[in-house]
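Undergrad: Please find the sequence and the predicted model below.
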Amino acid sequence: MCFSAEASFSASAVILTIGAISLKKSTTTPQRVLSCIPIIFGSQQFSEGIEWLALTHPGMAPWDKVFSYVFLIFAAVIWPTVVPLAIWLLEKHPVVKKISGVLLVFGVIVSSLLAYTLIVFKVESFVSCSHIVYNIEYPDPLKHKGIFYFTAAVGPFLISTTKRVRLLGTTIFVSYLISQFFYKDYLISVWCFFAAIISVMVLSIIIKLNQTAPVSVVGKNEAA
């Protein structure tokens, strides 16, 4: 979260509550995996709340590195795999499911490369202009990591046959553009904040999926 520890902890509480409700209302394994998205977002925001405290309170300084890595593992490593996995499990259309499977394999590769980067290269975080800046020394092959990350973490939403899932992907994409334009130096933190806000859309997707009669695979998804 780009404002303060209090803002991060408050957002975390709200998002985790949304995630718990989504999980409770889920009736299938694919829905449960999708419901994990707000839960992961909430946990990610909580970790950044502690990172705020570590960066601004000398007594908590020893926790700086720990929760800087915890946040970055959520932000950089988990999402490229979790998102395509959720859509691959949820999708019924054979062609789209196959594409989602390819994106899932691609996402695992992206996650692995970013995990390697966090382990091998220098990582630091600091507060600047009421934002947390995460500096990571990426190797040359990952200089254009944003394209790879976006493809794995947002692409699966955009190809879904479920209208509300596509809307979710579009909203995340727009929030990325806003973050990139206004908060480029703080993109990792700010974009995650915007993305976390739309976790409520996951709950609406779960509710709608369970309200829609299973007339047909494509018909069911399009109605959602």
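TA: Cool, got the structure.
Undergrad: check contacts around Ser204.
TA: Ser204 makes contacts with Arg164, as judged by CB atoms under 8 Å, 6 or more residues apart in numbering. Every residue, glycine included, has its C-beta placed from N, CA and C.
Undergrad: Which pLDDT does the model give it?
TA: pLDDT recorded at Ser204 is 89.
Undergrad: One more: the one 10 residues further on?
TA: The per-residue pLDDT reported for Pro214 equals 53.
Undergrad: For this structure, give me the ranges with low pLDDT.
TA: Within the chain, the ranges that satisfy pLDDT under 70 run 1-2, 141, 143-144, 179-197, 212-224.
Undergrad: any idea where the strands of it begin and end?
TA: Assigned by DSSP state E, the chain shows strands spanning 123-128, 131-136.
Undergrad: helices and strands around the first one, which ones?
TA: Contacts defined by 3 or more CB pairs under 8 Å, 6 or more residues apart in numbering; DSSP states H and E place strand 123-128 against helix 29-56, helix 64-72, strand 131-136.
Undergrad: Now stretch 124-139: buried residues?
TA: Buried residues in stretch 124-139, counting neighbours by 16 or more other CB atoms under 10 Å, are found at Ser125, His131, Ile132, Tyr134, Ile136.
Undergrad: Now tabulate these in TSV and tack on distance to Val14.
TA: Formatted as TSV, the buried residues of stretch 124-139 follow (distance: CB to CB, whole Å):
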residue	distance to Val14
Ser125	24
His131	20
Ile132	20
Tyr134	23
Ile136	28
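Undergrad: Out of the residues you listed, which two sit at the greatest distance?
TA: His131 and Ile136 (15.7 Å; CB to CB).
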